[in-house]
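In: Fold the following and give me the result.
(2 chains)
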Amino acid sequence: MAFVAAAYVVVAGLFFAYVLTLAARQRLIAEMADAVIQQKERS
Amino acid sequence: MRLLLIAGMLLMLVGIAWALLAAPTEVFQGIPQRIMYIHVPSVITAYVALMVVFVGSALFLWRKDARWDRLAHGAGELAVLFISMTLLSGAIWGKPVWGTWWSWDARLTTTLILWFIYVGYLVVRAWAPGTRGARAAAVIGIVGVLNIPLIHWSAILLRTLHPQPTVFRPEGPALPLSMLAPLVVSIVAYLLVFAALLVVRVRQERALSRLVEALEGA
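Out: As a prediction, the model looks like this:
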């Protein structure tokens, strides 16, 4: 049972790590978009 | 897209519960055989992702349209994720059943080569941004897919520790319905989640390219 649990945890871990990188990238894009808007407003 | 992700995640939970609690225990391998319900969906989803890379890359080289490149890029990233899941779940399955985490046999080695090819694909994308990098990556994306038939036939034609295909066989699946049903549910769940994540990833790439255009125009 330990091997089954380990396999499911590893696969779930990989999946959630990827979802977290997607979320982090999304936040970065939103910050970049804000910076571009502010730059355009200033100019 | 959100609906697709929620549906995929819910179906994934159903698949996991079915696999762990309701599916019968296999006679020869015992409980470790339940790893099949995450291992097989991972590899099938990886193959679907690689087909998307192939189609996206070929259409990008032909049409020179960045939309196809963004599709191939997103699918390539997800392909690496699902091949990683396949390799790791396979290694953990191998230890109790074969007595080893890894063996340099044909099926495992060709799958590892596939993983390296698409990690290389992502490295090229990261280190050579722009059209030249995209074109080079597209060539890797197309050539790498040629490894898939080799992986599939390696377990059939060569002597390998890995069992012969039990689902995709000319004479039909070798599994009883009580095992096939939770497996199919898990495969559908993985494909739904893959589709949802691909949409997110492609939208992110589109937003990034628009931001770069806006910065260059400012």
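In: going forward, measure contacts between C-alpha atoms and count neighbours the same way
Out: OK.
In: what packs against whichever strand or helix holds residue B:189?
Out: In the assignment (DSSP states H and E), residue B:189 maps to helix B:177-217. Judged by 3 or more Cα pairs under 8 Å, 6 or more residues apart in numbering or on different chains; DSSP states H and E, the packing partners of helix B:177-217 are helix A:2-42, helix B:2-17, helix B:36-63, helix B:66-98.
In: can you list those helices in CSV and add mean neighbour count?
Out: Below are those laid out as CSV (neighbours: other Cα atoms under 10 Å in any protein chain shown):
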stretch, mean neighbour count
helix A:2-42, 15
helix B:2-17, 17
helix B:36-63, 22
helix B:66-98, 22
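In: Enumerate the residues of chain A near chain B.
Out: Counting by Cα under 8 Å from any Cα of the partner chain, the positions of chain A adjacent to chain B are A:1, A:3-4, A:6-8, A:10-11, A:14-15, A:18, A:22, A:25-26, A:29, A:32-33, A:36, A:40.
In: again, only this time at 7 Å
Out: With Cα under 7 Å from any Cα of the partner chain as the criterion, chain A meets chain B at residues A:1, A:3-4, A:7, A:11, A:26, A:29, A:33, A:36, A:40.
In: and the least confident of those?
Out: Among those, residue A:40 carries the weakest pLDDT, at 78.
In: any idea how far residue B:122 is from it?
Out: Applying Cα to Cα, to the nearest Å, the value for residue A:40 to residue B:122 is 33 Å.
In: The lowest-mean-pLDDT helix or strand in chain B packs against which elements?
Out: Least confident helix or strand, chain B: helix B:147-157 with a mean of 84, by mean pLDDT, DSSP states H and E. Judged by 3 or more Cα pairs under 7 Å, 6 or more residues apart in numbering or on different chains; DSSP states H and E, helix B:147-157 is in contact with helix B:106-127.
In: Could you pull out the buried residues of the helix it packs on?
Out: Burial within helix B:106-127, assessed by neighbour count using 16 or more other Cα atoms under 10 Å in any protein chain shown, is assigned to B:106-108, B:110-112, B:114-115, B:117-119, B:121-122, B:124-125.
In: and the angle from the helix holding residue B:189 to helix A:2-42?
Out: If you take axes from the mean of the first three to the mean of the last three Cα atoms, to 10 degrees, helix B:177-217 sits at 20 degrees to helix A:2-42.
In: report the angle between the axes of helix B:177-217 and helix B:36-63?
Out: Going by the same axes, to 10 degrees, helix B:177-217 makes 40 degrees with helix B:36-63.
In: Just give me how far helix B:177-217 sits from the chain centre.
Out: 12 Å (Cα atoms, centre = their mean, to the nearest Å).
In: And the average pLDDT for that helix is what?
Out: Summarised as a single mean, pLDDT over helix B:177-217 is 92.
In: Can you tell me which residues in chain B are near chain A?
Out: When proximity is defined as Cα under 7 Å from any Cα, chain B approaches chain A at B:31-32, B:34-35, B:85, B:89, B:92-93, B:204, B:208, B:211, B:215, B:218.
In: For those residues, which two are the farthest from each other?
Out: Farthest apart among the residues of chain B next to chain A by Cα to Cα are B:31 and B:218. That separation is 60.8 Å.
In: These two: who's more crowded?
Out: More crowded of residue B:31 and residue B:218, by other Cα atoms under 10 Å in any protein chain shown: residue B:31, with 17 against 10.
In: hang on, the more buried one packs against residue B:25?
Out: Yes: between residue B:31 and residue B:25 there is a contact at 5.9 Å, judged by Cα atoms under 7 Å.
In: Nearest residue to the middle of chain B?
Out: The residue lying closest to the centre of chain B (Cα atoms, centre = their mean) is residue B:46, at 1.1 Å.
In: any idea of the pLDDT on that residue?
Out: Here, the pLDDT recorded for residue B:46 equals 97.
In: That one reaches residue B:82, doesn't it?
Out: Yes: the pair residue B:46 / residue B:82 is scored as a contact, 5.0 Å apart, by Cα under 7 Å.
In: Run through chain B and note the low-pLDDT ranges.
Out: For chain B, the stretches with pLDDT under 70 are B:218.
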